[in-house]
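Q: here is the input, now give the coordinates:
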Amino acid sequence: MSASAITTTLRLLADERRLRLMHLVTHAELAVGELAVILGTSQPLVSAQLAQLRSGGLVALRREGRRSLARALAVAPDLARAAVVEFGQSPAARRDLAAARVSIAARERECASTGLGLRAAPGRSWEAFAHGLLALLPPMRIADIGPGSGGMALLLAREGHHVLAIDRDGAALTRLAARARREGLAARIECRRGVAEDLPLAAGEVDCILMSQLLHELEQPADALRAARARLAKGGRLLVLDLEAHTETWVRERLGHQHLGFRKPALRELLRSAGFANVEVRSSGRDPHAPHFEGLIGTGVRKR
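A: As a prediction, the model looks like this:
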């Protein structure tokens with residue numbers, strides 16, 4: 001290894017963010033967006049740092065659809081590998097890897113068909129099962145609060161429900177509206193910009209409100225639950241999908257979580273205090289991937 005190459009490697013890995021990136025892509029191929037979430041920074045900054053690592057012969061980038069994925073080169077200098085191994089002993093490195101496993105698991109769930117029973121059975125999937133169940137329900141007006149990529153909103157719309165997607169992120173709503181148009185669902189998905197604590201809905205406008213992985217991101221989840229009850233029609237139902245209480249504190253900085261999940265009694269009390277009746281809270285299963293988050297399902301009805 002030349003003196004110039006040594007100097008370049010030392011300069012690149014002297015920056016903590018680049019060292020963290022190098023450590024992550026040594027263990028897994030990760031998208032720029034995933035790396036930005038894990039490091040708690042912007043995608044443009046991650047792209048710029050990866051470009052420097054690439055120019056230094058440490059990282060390779062490839063395109064996959066709209067995503068850019070990064071991985072460490074197998075021929076990276078011994079000096080770089082030694083730095084990664086040393087950094088890998090730190091608590092920060094372990095937190096980064098735990099967050100990476102969560103991100104990869106989410107990607108696999110989104111992109112791959114999750115088996116319901118044997119994977120080899122054609123058509124046997126959770127998505128097919130969900131479509132079947134939704135087909136049994138009468139058409140409803142459903143508010144999806146914080147729809148994320150819009151997967152649930154699109155699923156509901158495909159089965160004949162009218163979905164009001166509400167999010168503070170205007171760009172996310174624009175992407176969802178574009179997807180709805182491409183799939184011929186524009187008449188069934190209406191996007192409104194707003195916040196969970198002050199929903200842009202008229203009283204009684206919707207039959208069901210869905211809050212999927214939202215409450216733990218809110219500073220005051222009780223405010224959002226009270227707003228939801230106020231907008232539901234009489235007899236309307238609330239569906240909350242969230243996380244059981246956990247100890248993965250890295251989600252605060254990396255993912256912006258305000259709460260480390262909820263214990264069942266605490267979530268039950270939140271729903272009751274907001275005025276919901278027939279409250280039920282139960283487990284929805286354990287993620288098979290580390291750190292094995294456990295899900296919760298909470299339901300309630302607006303009686304009057």
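Q: tell me, how many residues neighbour the residue nearest to residue 264 when sequence neighbours are not counted?
A: The spatial neighbour of residue 264 that comes closest, neighbours along the chain excluded (Cβ to Cβ, 6 or more residues apart in numbering), is residue 281 at 4.8 Å. For glycine as for every other residue, the C-beta is placed from the backbone atoms N, C-alpha and C. By the criterion of other Cβ atoms under 10 Å, residue 281 has 22 neighbours.
Q: hang on, residue 281 in a strand?
A: Yes - with DSSP: H, G, I helix; E, B strand; the rest coil as the criterion, residue 281 is assigned to a strand.
Q: need the per-residue pLDDT for it.
A: pLDDT for residue 281: 96.
Q: from residue 144, how far off is residue 197?
A: Using Cβ to Cβ, to the nearest Å, residue 197 is found at 16 Å from residue 144.
Q: with neighbour numbers in mind, choose between the two.
A: residue 144 (31 against 16).
Q: now for residue 142: which residues touch it?
A: For residue 142, the contacting residues are 156, 161, 162, 163, 164, 206, 207, 208, 209, 210, by Cβ atoms under 8 Å, 6 or more residues apart in numbering.
Q: can you give me the pLDDT of the second one?
A: Same thing as residue 161. Residue 161 is assigned 94 on the pLDDT scale.
Q: that one and residue 139 touch, don't they?
A: Yes - at 5.7 Å, residue 161 counts as touching residue 139 under the criterion of Cβ atoms under 8 Å.
Q: the more surrounded of those two?
A: Using other Cβ under 10 Å, the more surrounded residue of residue 161 and residue 139 is residue 161, with 21 against 12.
Q: for the stretch 1-150 of the chain, what spans make up the strands?
A: Ranges of strands in the stretch 1-150 of the chain, per DSSP state E, counting those that start in this stretch, are 30-31, 59-64, 67-72, 141-145.
Q: those strands: which one's closest to residue 296?
A: strand 141-145 (16.3 Å; Cβ to Cβ).
Q: quick one, phi psi at residue 15?
A: Main-chain dihedrals, residue 15, degrees, to the nearest 10: phi -80, psi 130.
Q: name the nearest residue to it, sequence neighbours excluded.
A: residue 49 (7.6 Å).
Q: isn't the one you found up against residue 18?
A: Yes - taking Cβ under 8 Å as the definition, residue 49 is a contact partner of residue 18 at 5.2 Å.
Q: more neighbours, the two?
A: Between residue 49 and residue 18, counting by other Cβ under 10 Å, residue 49 is the more crowded of the two (23 against 19).
Q: now the residue nearest to residue 204 when sequence neighbours are not counted: which helix or strand?
A: Nearest residue to residue 204 in three dimensions, chain neighbours excluded: residue 233, at 4.3 Å (Cβ to Cβ, 6+ apart). For residue 233, the host element (DSSP states H and E) is strand 232-243.
Q: could you check the angle that strand makes with strand 141-145?
A: Per axes from the mean of the first three to the mean of the last three Cα atoms, to 10 degrees, the angle that strand 232-243 makes with strand 141-145 is 40 degrees.
Q: surely residue 141 meets residue 207?
A: Yes - with contact taken as Cβ under 8 Å, residue 141 and residue 207 are classed as touching, separated by 5.2 Å.
Q: more neighbours, these two?
A: residue 207 (20 against 17).
Q: packing partners of the helix or strand harbouring the more buried one?
A: Using DSSP H and E, residue 207 sits in strand 206-212. Applying 3 or more Cβ pairs under 8 Å, 6 or more residues apart in numbering; DSSP states H and E, we find strand 206-212 packed against strand 141-145, helix 221-231, strand 232-243.
Q: and the nearest residue to residue 134 once chain neighbours are set aside, how many neighbours?
A: Spatial nearest neighbour of residue 134, excluding adjacent residues (Cβ to Cβ, 6+ apart): residue 159 at 3.9 Å. Number of residues near residue 159 (other Cβ under 10 Å) recorded here: 17.
Q: how near is residue 159 to residue 143?
A: As judged by Cβ to Cβ, residue 159 and residue 143 stand 16 Å apart.
Q: so where is the stretch 1-150 of the chain shaky, pLDDT-wise?
A: The stretch 1-150 of the chain contains residues with pLDDT under 70 at 1-5, 64-66, 74-77, 108-127.
Q: try 50
A: Applying pLDDT under 50 to the stretch 1-150 of the chain picks out residues 112-121.
Q: where exactly do the helices run in it?
A: Using DSSP state H, counting those that start in this stretch, the helices of the stretch 1-150 of the chain run over 3-13, 16-27, 32-39, 43-55, 78-87, 91-111, 126-135.
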